[in-house]
Structures are given as C-alpha cells and as structure tokens.
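Colleague: with the input below, show me the fold.
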Amino acid sequence: MPVRTFTWQDLPALLDFIGTVQAQNEQDRKVRQKSFQENLEQPDLYPEENCLLLEADGQILGCCLIFPEPLISRAVLALDISTQIEGGAPEEELVQRAIARAGALNAKVAHICLGQDSPRSELLQRSGFHLERVYWDMQWMGDRLPEADTPAGFTVRHFKPGDSAALAQVQNAAFTGSWGFCPNTVEQIEYRSAMSNTSHQGILFLHDQNRLAGYCWTCVAPSGGKTKGIIGMIGIAPSHRGQGVSKPVLVAGMEYLQSIHVDEIGLHVDGNNTPAIRLYASVGFEKVGELHWYEYTPDKGCSKARLI
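Modeller: Reported below is the predicted structural model:
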C-alpha cells in the first residue's frame, strides 16, 4: 500500500478516518475529529511534510503525525491504523516512513506512546524501537475533594489573555531537564490554551503577590461515553519548590473540573517521578494502568530507515 504525504484536500477524508478509528459514538467522533484537526493546524507542525497517509484504492487506512521538537533533537510519532491492516506489513511500512521523516528533521531520537496492552508493541520492536519509559495512568477515587489551604500571601486565579509569556517562562523553568520535555514558545502556549479540549478557566495560576509560583493546566476528553477531566500539567517555579504549594494548585484544578461536572478525573505521570506520585496519591489518585513510551535511536535501532 502506498504511503504519501498529506495535502489539505485530504482533510475531509482524513477526519472521517479519524472518527472511525478513534470514536465510540457520534459525540465522541466530533470531539476527536476537532481535536485532531487542531493538532494538525498547530504551530510548527507543517502537516504537508509531517503527516503521512497510508491508503488503498483511494481510501485512507492509516495516518502518522510526526511532531518535530528540534530543541531537544526529538520527534514524537502519533499513529492511527484501521483494524483491517493493524499489525501487518502496511503498518510497518508507515512506521518506517515516519522514522525516515524523523531523520530528515535531524531528530536523534523518535518516541511513540502506546497503552500497556497494545498489540502494536511487537511491531515497534521489529522496527527497532525499545521500551524506554513507563508512565502511570492514575484516576481519582475519592468521594470528595481534599482540603488544601492556599498558603498565606498566595492567591489562585484563572489564566487570562496576556498570561502566555509568564506561563511559558514558568513551564519551561519547571520542566527543563525532565524526561521528554521540550521547551514551549509563547506562540505554542497561546495556541494550545485556545484549543477546544481546554479553556482559560481551566488553567489555574498560583500567585505569590505579583509572581507566578505555579500552575495547573486541566483539559477534558471523551472516555467511553463519559467526559474525563484531566490534570494535564502541574508546574512549580524553581523558586517556590519545597514551600507546600503543589497540593493547593492541584486541588484548585480538581475543583475546577468538578465545577464543570466531568464524570471522572485522571492524569498521567512519569513512573520514575516518585514525589509527584506521592502527591497524587495523597489526594486520592490510584494507579489504574500504564502508558509505555517506546524509543528509536540509531545506535539501538535495527530498522532499515535510519534516523541519521
């Protein structure tokens, strides 16, 4: 089956395909199609070069987005495949082409994330990937939100226009050096804060007088016919670590999600991040699964499509 690059004329057919492979009902379908299109249109993706389509007889049966992260010499792959060809040679060819594209972007490493029981893991290992990192899928199991008093002198407020530069600064300072994190530009923050799966009200700031001390970025996603609230990121400025501010900003995010009546609250956390896991467990989150991050590097991979 031929693999080719995306053109904007493909968008209607591609969205139909995404709705078919990702959605469980009509409402879910519309949400996932909207989210996919927003990802396709985000700054610095250039889908005409970094979106690959697998098709047969004019029908799209697979898609791979290659998200370039040049600041850390990485590319992240997001793969969707029809169940008709899942696990076969056409899917493997799509993966090989995605690896080659990552190499053309001068990426020194390529990552892809799978659920812990995904049958795709065998295909990735045949293509030269290895399991690099395990993230915990955690869900809040509490009956009511815990109490977490805001420390004296601190205030909580929502994100508002003009906050993107401050958020980018604190986010980059908080996460630089963390596995898999690529620093964000102000333009990227502005775009992502306006996406349909989040809202300005759902990005909570913790202020120490006039300084941004930390934040909690929430979003929502369909989940088996329900609406799932997600604690997307919690970042604390290095100057405020160890001051007991993580829990108040986390609870503020959970309070917001409850206020919009989500059916459940979940999050993903690096399985090696013991302090964060301890924080989440302290407010009632429990591990319910895993996400497996696979890595391809030239020295460890055995694929025909070398990164460099």
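
Colleague: all helices of the stretch 51-200 of the chain, in order?
Modeller: Taking DSSP state H, counting those that start in this stretch as the criterion, the stretch 51-200 of the chain contains helices spanning 89-104, 120-126, 164-175, 186-193.

Colleague: low pLDDT regions in the stretch 151-300 of the chain?
Modeller: Scanning the stretch 151-300 of the chain with the threshold set as pLDDT under 70 gives 299-300.

Colleague: one step back: for T297, which of the helices of the stretch 51-200 of the chain is the nearest?
Modeller: Smallest distance to T297 across the helices of the stretch 51-200 of the chain (C-beta to C-beta): 10.6 Å, for helix 89-104. C-beta here means a position set from N, CA and C on the backbone, and glycine is covered the same way.

Colleague: which elements pack onto the closest one?
Modeller: Packing partners of helix 89-104 (3 or more C-beta pairs under 8 Å, 6 or more residues apart in numbering; DSSP states H and E): strand 3-5, strand 51-56, strand 59-69, strand 74-81, strand 109-115, helix 120-126.

Colleague: reformat these as JSON lines; add distance to R101, mean neighbour count and mean pLDDT.
Modeller: Output for the helices and strands packed on helix 89-104, formatted as JSON lines (distance: least, C-beta to C-beta, whole Å; neighbours: other C-beta atoms under 10 Å; pLDDT from 0 to 100):
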{"stretch": "strand 3-5", "distance to R101": "9", "mean neighbour count": "14", "mean pLDDT": "96"}
{"stretch": "strand 51-56", "distance to R101": "7", "mean neighbour count": "20", "mean pLDDT": "95"}
{"stretch": "strand 59-69", "distance to R101": "5", "mean neighbour count": "21", "mean pLDDT": "96"}
{"stretch": "strand 74-81", "distance to R101": "8", "mean neighbour count": "21", "mean pLDDT": "96"}
{"stretch": "strand 109-115", "distance to R101": "9", "mean neighbour count": "20", "mean pLDDT": "96"}
{"stretch": "helix 120-126", "distance to R101": "16", "mean neighbour count": "16", "mean pLDDT": "92"}
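
Colleague: N272 is nearest to which of the ones you listed?
Modeller: strand 109-115 (15.3 Å).

Colleague: identify all contacting residues around the closest one.
Modeller: 73-79, 98-99, 102, 120-121, 124, 129, 132, 135, 180, 289-297, 307 (C-beta atoms under 8 Å, 6 or more residues apart in numbering).

Colleague: same question, stretch 262-275
Modeller: Residues outside stretch 262-275 that contact it (C-beta under 8 Å, 6+ apart): 133-140, 178-179, 220, 223, 226-232, 254, 257-258, 276-277, 280, 285, 288, 290-291.

Colleague: would CSV of the helices and strands packed on helix 89-104 with distance to L94 be doable?
Modeller: Shown next, in CSV, are those (distance: least, C-beta to C-beta, whole Å):
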stretch, distance to L94
strand 3-5, 6
strand 51-56, 5
strand 59-69, 5
strand 74-81, 7
strand 109-115, 12
helix 120-126, 10
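
Colleague: how about those, which one is nearest L206?
Modeller: Among these, the nearest to L206 by C-beta to C-beta is strand 59-69 (27.5 Å).

Colleague: so what does that closest one touch, helix or strand wise?
Modeller: Strand 59-69 packs on helix 11-22, helix 47-50, strand 51-56, strand 74-81, helix 89-104, going by 3+ C-beta pairs under 8 Å, 6+ apart.

Colleague: got the angle between the fourth one and helix 11-22?
Modeller: Angle, strand 74-81 to helix 11-22, by axes from the mean of the first three to the mean of the last three C-alpha atoms, to 10 degrees: 80 degrees.

Colleague: buried set for stretch 262-274?
Modeller: Buried residues in stretch 262-274, counted by 16 or more other C-beta atoms under 10 Å: 262, 265-271.
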